[in-house]
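Chemist: Sharing a sequence plus its predicted fold:
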Amino acid sequence: MATAEQVQELVAAVQSLNMEVRNLNQEMQNFKTENTVLRQLVANREPHSSDLPPMPLSSRKFDGTSRHLKELIEACNVHFAFHPKTFSTDLSKVDFVISNLTGNTLAWANPVVTTDEPVLRDWRAFLERFKQAFERPDIRYMACEELLEVHQGQMDLLSYITKFKQLATESN
């Protein structure tokens with residue numbers, strides 16, 4: 001049988017453990033609340049430039065060559081679709097396009113950025129202005145441009161001749 005002293009020690013130990021459990025429950029509740037707040041902050045935060053993929057769309061940045069314009073826009077749209085959280089704002093989309101420019105196209109974007117023009121925050125307006133600056137709807141111009149750059153490379157001779165004839169016909 002336990003003595004009165006032993007019973008008092010056991011009661012004190014149980015009370016101490018109860019107090020420790022209450023403290024741990026309170027800490028756990030605080031962590032749950034903090035976790036909920038942090039999850040909401042992360043879910044609602046705006047993307048930052050550090051969220052952007054570290055590499056550009058391709059090894060070649062857009063230099064203003066009109067035949068690569070459609071390719072750039074399509075690649076960006078696909079990229080935006082696969083990274084919706086990163087590109088949730090128009091500003092993040094415009095920023096990404098500008099980061100994939102070089103040469104004259106980058107020089108074209110410089111005053112737009114430095115004067116903080118409203119098109120920076122409007123993807124459609126930026127895209128329209130960008131197309132106006134670099135799109136060449138003249139098929140003759142594009143065909144001549146491609147004709148100057150056509151090389152047989154890995155194509156077989158028949159494919160090369162067909163491509164050459166096609167471009168020559170379009171340029172007339």
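Modeler: Good, I have the coordinates.
Chemist: how far does the host helix or strand of M19 sit from the chain's center?
Modeler: Element membership of M19 [criterion: DSSP states H and E] is helix 4-44. How far helix 4-44 lies from its chain's middle: 43 Å, per CA atoms, centre = their mean, to the nearest Å.
Chemist: Let me know the average pLDDT across that helix.
Modeler: The average pLDDT within helix 4-44 is 86.
Chemist: tell me the mean pLDDT over the following helix or strand past that helix?
Modeler: Proceeding N to C from helix 4-44, the next assigned helix or strand is helix 69-82, under DSSP H and E. In this model, helix 69-82 has a mean pLDDT of 87.
Chemist: how about the very next helix or strand once past helix 69-82: buried residues?
Modeler: Sequence-wise, the next helix or strand downstream of helix 69-82 (DSSP H and E) is helix 90-99. For helix 90-99, a neighbour-count test (16 or more other CB atoms under 10 Å) marks D90, L91, S92, K93, V94, D95, F96, V97, I98 as buried. All C-beta atoms are positioned from the backbone trio N, CA, C, and that covers glycine.
Chemist: And stretch 68-79, by the same measure?
Modeler: Of the residues in stretch 68-79, those buried (16+ other CB under 10 Å) are H68, L69, L72, I73, A75, C76, H79.
Chemist: for stretch 99-115, same thing?
Modeler: Buried residues in stretch 99-115 (16+ other CB under 10 Å): N100, L101, T105, L106, W108, A109, V112.
Chemist: Point out the ones among these that are inside strands.
Modeler: Among the buried residues of stretch 99-115, none falls in strands (DSSP state E).
Chemist: And this structure, split by domain according to the record?
Modeler: Domain ranges of the chain: 1-45, 50-137, per automatic domain parsing.
Chemist: deepest of the ones you listed, which one?
Modeler: Most buried of the domains of the chain, by mean neighbour count (mean count of other CB atoms under 10 Å): domain 50-137, with a mean of 15.
Chemist: Distance from the chain centre to that domain, please.
Modeler: 11 Å.
Chemist: again with stretch 33-50
Modeler: Taking mean C-alpha positions (CA atoms, centre = their mean), stretch 33-50 and its chain are 18 Å apart.
Chemist: before we move on, back to that, give the other helices and strands that the helix holding M19 contacts.
Modeler: Applying 3 or more CB pairs under 8 Å, 6 or more residues apart in numbering; DSSP states H and E, one finds that helix 4-44 contacts no other helix or strand.
Chemist: ok, the buried residues of stretch 68-79 vs L41, which is closest?
Modeler: The shortest approach to L41 among those belongs to H79, at 25.8 Å (CB to CB).
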